[in-house]
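Enquirer: Fold the following.
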Amino acid sequence: MTDNQTTDMNDNSEIRQTISEEQESKRHHHVPRLYLKRWCNERDELYEFRRFKKNAQVKSRPKSPKYTGFTWNCYDLDGLPITFPTIGRTHMEDRFFKNVDQPADGPLNLLNNLEIPSSNEDRTSLAMFLVSLVVRNPWFFGAMRSELNGTYFRELVTKFSEANREVDFSHFLASESGFDPACVLLFEEIIINKNILDTIINFHWDLACDDNSRLLTSDAPVWWSGFPDNNRDFFAMLSISPSLSLIIGNSKRTVDRVKKARTLFKEYNDNICKQAFKMIFSNNNNQQRFIDNRLERFDKYFALSNRKFMDFFIVNRCGKYLSPLEERLRDLRGHLHE
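Expert: Here you go, the predicted structure:
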């Protein structure tokens, strides 16, 4: 890796394009199929573990990635075509997340071949994909929409308006349909913020192999350990397959220390099971008891990676680039005054 790599500016261009046709998707995959396929057997199936009733025993069943890891109509935003007639209500699933996921497939294949991506393009795609895996679940999405209907987005817009007094956003804030475009704005702010991505791509990256092929994944698959500041180390870990994981950290020393931990893979599985929302995935049916003892059992772990990532986001969102939110609000000026 070269020093001070910067985000590949071309990677995000497709995400900002509008679409003219009505979209038909109903299964909105918050755990992408191209990620889950790495746990599949020769029949294109993996094991899904869920607890169908509170306190009931976890059940497992073989599933194709197409038929798991999704929520029906999760990202439907009826207000989008009201504000922007050329954008369909399923824009986030059919355009935004598609253009986050597809560029990550090649770099994920590099990781599977035990090669750390070195180009800005590949590292940016993977960094974006990693961030999306933290925040794209329906529970975070629901909480974010609740915040938008409260004060958070109004505060962001008000601060931006005060700094750019020639732009008046009062019509946008007064419109009920304006909160759906706000969801898209805020997801862009989180997932494709170039200051955040630059920070991640310049971390130290490494791979850890599990010869026993026991690594799980879940609907909250990123183990996000703290955030970087002057007083503590930081690392994040994501299983890439049953036998391989990606570790990123704020220094080589941190990553090397993590890799040397004898219980690393058990700790990873433990954390992603405890912080999972509803679903755990495996390439076998041998860890059901382990999963049953953790899934939805520990309230303090619920959405833990979301909370830790948002701490990281708040610290690193501002930098040499305009944030996506600032760019989008600036670009909205014409729409608001038509």
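Enquirer: give the contact list for Asn271.
Expert: Trp223, Tyr301, Leu304 (CB atoms under 8 Å, 6 or more residues apart in numbering). In short, each C-beta sits where N, CA and C put it, glycine included.
Enquirer: Helix, strand or coil: sort out it for me.
Expert: helix (DSSP: H, G, I helix; E, B strand; the rest coil).
Enquirer: can you offset everything so residue one is 41?
Expert: I'll keep to 41 as the first residue from here, and by that count the last item is Asn311.
Enquirer: Pick out whichever of the contacts of Asn311 sits closest to Ala222.
Expert: Of all the contacts of Asn311, Ala222 sits closest to Leu344, with 25.7 Å by CB to CB.
Enquirer: Would you agree the closest one is in contact with Gln315?
Expert: Yes - Leu344 lies in contact with Gln315 (CB atoms under 8 Å); the separation is 4.5 Å.
Enquirer: Comparing these two, which shows the higher neighbour count?
Expert: Between Leu344 and Gln315, Gln315 has the larger neighbour count (other CB atoms under 10 Å), namely 26 against 17.
Enquirer: just the strands in the stretch 191-340 of the chain please.
Expert: In the stretch 191-340 of the chain, the segments counted as strands under DSSP state E, counting those that start in this stretch are 244-249, 257-258, 262-265, 275-281, 284-289, 319-322.
Enquirer: Go through these and name the closest to Trp112.
Expert: Among the strands of the stretch 191-340 of the chain, strand 319-322 comes nearest to Trp112, with 14.4 Å by CB to CB.
Enquirer: Partner strands of that closest one and their direction?
Expert: strand 86-90 (antiparallel), strand 257-258 (antiparallel) (DSSP bridges).
Enquirer: List just the one of the strands of the stretch 191-340 of the chain that sits closest to Tyr75.
Expert: strand 257-258 (7.5 Å).
Enquirer: State the distance from Leu150 to Asp162.
Expert: As judged by CB to CB, to the nearest Å, Leu150 and Asp162 stand 7 Å apart.
Enquirer: Of the two, which one has the most company?
Expert: Asp162 (22 against 15).
Enquirer: From Leu344, how far out is Ala338?
Expert: Just to correct that, residue 338 is Phe rather than Ala. As judged by CB to CB, Phe338 and Leu344 stand 9 Å apart.
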